[in-house]
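Visitor: return a 3D structure for these sequence lines:
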Amino acid sequence: MVAYCPPPHSGLDLVYQDDYLLAVNKPAGLLSVPGRGAGMDDCLVARVQAEFPDALIAHRLDMSTSGLLLLARGAEMHRRLSKLFETRQVEKRYLAVVAGCLANDAGEIDLPLICDWPNRPRQMVDFAIGKPSLTQYRVLERNPAQDTTRVELAPVTGRSHQLRVHMASLGHPILGDDLYGGAATERAERLLLHAMDLCLPHPSTAALLSLHCPPPF
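Guide: The predicted structure is shown next:
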């Protein structure tokens, strides 16, 4: 197993801040929450709580994924924010670079997912007992010279590793994916997946809140 080597902490990259909510740009390679075992304490939530002790995380990103993470300030806002995620009132959009040129300009991937328990944390498609999982995609740019596609991904459900498994299942794994990428793993130094946009009703005011974090690739 590869040792956990989080990126250096050079200060929080705050995308949004008010008395009720924080949005932080999580760097690739940093856990969202503490991992199991020694040396796994450094994570996004620990770094945020060092400056905002009342911050509570309401959702997660894979360690390898960068981008927008929301944290509520206080227990009541955490309850409200968690409810927004549970009832799918949070619209999420990711940017990915995948291997190959996608044939269709847009589409949906509807493949049920479940944990591949003997090989966890890997997930897998299972039509018998997998949980319903739906991803919408839209091609932004094809690069035939590099044999890649820049694609916007919108997960309707929020399964673990959903975007990574769904794109690999299409035959277009995300570059740099060390779990599902196959030959595409070595084509990038990091997983080229970034949580780019979040749109939700503010958990305190109900006003529409649109957040954007440009991808670093």
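Visitor: from residue 212, how far off is the residue nearest to the spatial centre of the chain?
Guide: Centrality entry for the chain: nearest residue to the mean C-alpha point is residue 61, 4.0 Å, by CA atoms, centre = their mean. Remark: distance between residue 61 and residue 212 (CB to CB, to the nearest Å) = 16 Å. Any C-beta I mention is one placed from the backbone N, CA and C, and that applies to glycine too.
Visitor: residue 147 contacts residue 101, doesn't it?
Guide: Yes - with contact defined as CB atoms under 8 Å, residue 147 reaches residue 101; the gap is 6.7 Å.
Visitor: which residues touch the residue sitting furthest away from the middle of the chain?
Guide: The centre of the chain is farthest from one residue, residue 145, which by CA atoms, centre = their mean lies 27.7 Å away. Neighbour list for residue 145: empty [criterion: CB atoms under 8 Å, 6 or more residues apart in numbering].
Visitor: and the one 3 residues further on, by the same measure?
Guide: The neighbours of residue 148, taking CB under 8 Å, 6+ apart as the test, are 97, 98, 99, 100, 101, 142, 175.
Visitor: again, only this time at 10 Å
Guide: 96-102, 141-142, 172, 175, 184, 187-188, 192 (CB atoms under 10 Å, 6 or more residues apart in numbering).
Visitor: report the buried members of those residues.
Guide: 96-100, 102, 142, 172, 175, 184, 187-188, 192 (16 or more other CB atoms under 10 Å).
Visitor: in the lengthiest helix in the chain, which residues are buried?
Guide: For the chain, the helix that runs over the most residues, judged by DSSP state H, is helix 75-86. For helix 75-86, a neighbour-count test (16+ other CB under 10 Å) marks 77, 78, 80, 81, 82, 84 as buried.
Visitor: which residues does that helix contact?
Guide: Against helix 75-86 from outside (CB under 10 Å, 6+ apart): 19-21, 54-59, 70-74, 89-90, 92, 158, 200-204, 206.
Visitor: quick check: what element follows that helix along the chain?
Guide: strand 91-99 (DSSP states H and E).
Visitor: so where's this structure uncertain?
Guide: Low-confidence segments of the chain (pLDDT under 70): 1.
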